[in-house]
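>>> coordinates only, sequence not included:
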């Protein structure tokens, strides 16, 4: 991909981040886990997404 992707509406990213934080807080409350566990969970998810994109996406 030669151009960096940008959303058409810049507020979409802000809304998505807020929604993600709300959901993560609910998961944290449901599990009764510390913030560190949620951070590790997000890192594993991000790594998984990176791995998937390397396997078949010409994203660079």
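Yep, it's here. Here the structure is a predicted model, which means the values were calculated and not measured.
>>> contact partners of the lowest-mean-pLDDT helix or strand in the chain?
Lowest on mean pLDDT, DSSP states H and E among the helices and strands of the chain sits helix 35-56, with a mean of 90. Under the criterion Cβ atoms under 8 Å, 6 or more residues apart in numbering, residues 24, 27, 28, 31, 59 lie in contact with helix 35-56. C-beta here means a position set from N, CA and C on the backbone, and glycine is covered the same way.
>>> so what pLDDT did the second one get?
On the pLDDT scale, residue 27 is placed at 95.
>>> once you drop chain neighbours, what's closest to it?
Nearest residue to residue 27, sequence neighbours excluded (Cβ to Cβ, 6 or more residues apart in numbering): residue 38, at 7.1 Å.
>>> cool, the third one as well?
Distance criterion Cβ to Cβ, 6+ apart; nearest residue to residue 28, sequence neighbours excluded, is residue 38 at 5.3 Å.
>>> distance of the one you found relative to residue 31?
Remark: distance between residue 38 and residue 31 (Cβ to Cβ, to the nearest Å) = 9 Å.
>>> so these two - more neighbours on which side?
residue 38 (15 against 11; other Cβ atoms under 10 Å).
>>> mind checking the SS state of residue 9?
Three-state call for residue 9 (DSSP: H, G, I helix; E, B strand; the rest coil): coil.
>>> need phi/psi at it.
phi -110, psi 110 (degrees, to the nearest 10).
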